[in-house]
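Undergrad: dropping a prediction and its sequence here:
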Amino acid sequence: MLVGSRREFQYTGDTVKSILASIREGVIIADREGIITAANPVTELITGILPTELVGTRIQDTIFFECDADDVSTFFEEVLAGWRAMELPRGCTITPREGRARIPIAASAAPLFSPDGA
C-alpha cells in the first residue's frame, strides 16, 4: 500500500517487508550512517546472519568483501560519503559468518533519495 500525497510517498512497513521478501538477491538497507535498517531473508543464506541480527549494526562492521586485485575495504564508506552508486569489481567474495566458506559475489550499492531529493 502506498501512503501519502502525490509529492510525498511512503510505504507501510508491511509493504516494504513484502517487497524485500520477494527479491531473490540479498538486499540490505542502511541509513546515511551505515546502520542497517532492514535486510531480506536471502541475506541470511549469503552471510549466515539472520536479518534481525543485522538490523542495528553498522554495515561496514558486518559485511566484508575481498577482491583479487582491488582494495574494497572502503566500499561502503565511499558509497555513503559520495552518495553515488558503485559496483564491486569482478572476482570478489564475501566473508560469511565464521566457519563458513567464502562466497563469490557480485554487489552494488546505491543511495535512495526521497522525492524532494534529500
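TA: Good, I have the coordinates.
Undergrad: find the nearest non-adjacent residue to residue 90, please.
TA: In space, and not counting its chain neighbours, residue 90 is closest to residue 106: 7.7 Å by C-beta to C-beta, 6 or more residues apart in numbering. All C-beta spots, glycine's among them, are computed from the backbone N, C-alpha and C.
Undergrad: ignore the last one, residue 107
TA: Closest residue in space to residue 107, ignoring its immediate chain neighbours: residue 88 at 4.6 Å, by C-beta to C-beta, 6+ apart.
Undergrad: quick check: the gap between the one you found and residue 37.
TA: For residue 88, the distance to residue 37 (C-beta to C-beta, to the nearest Å) stands at 21 Å.
Undergrad: of the two, give the one with the bigger neighbour count.
TA: For residue 88 versus residue 37, neighbours defined as other C-beta atoms under 10 Å are more numerous around residue 88 (18 against 13).
Undergrad: what does that one show for phi and psi?
TA: When read as degrees, to the nearest 10, the backbone of residue 88 gives phi -70, psi 150.
Undergrad: for the helix ranked longest in the chain, C-alpha coordinates in PDB please.
TA: The helix that spans the most residues within the chain, counting by DSSP state H, is helix 13-22. C-alpha atoms of helix 13-22 as PDB (Å, rounded to 0.1, in the frame of the first residue of the first chain):
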ATOM      1  CA  GLY A  13       6.200  -1.400   6.900                       C
ATOM      2  CA  ASP A  14       4.300  -4.400   5.700                       C
ATOM      3  CA  THR A  15       4.700  -3.400   2.100                       C
ATOM      4  CA  VAL A  16       8.500  -2.900   2.400                       C
ATOM      5  CA  LYS A  17       8.800  -6.300   4.200                       C
ATOM      6  CA  SER A  18       6.800  -8.000   1.400                       C
ATOM      7  CA  ILE A  19       8.900  -6.400  -1.300                       C
ATOM      8  CA  LEU A  20      12.100  -7.400   0.400                       C
ATOM      9  CA  ALA A  21      10.900 -10.900   0.900                       C
ATOM     10  CA  SER A  22      10.100 -11.300  -2.800                       C
END
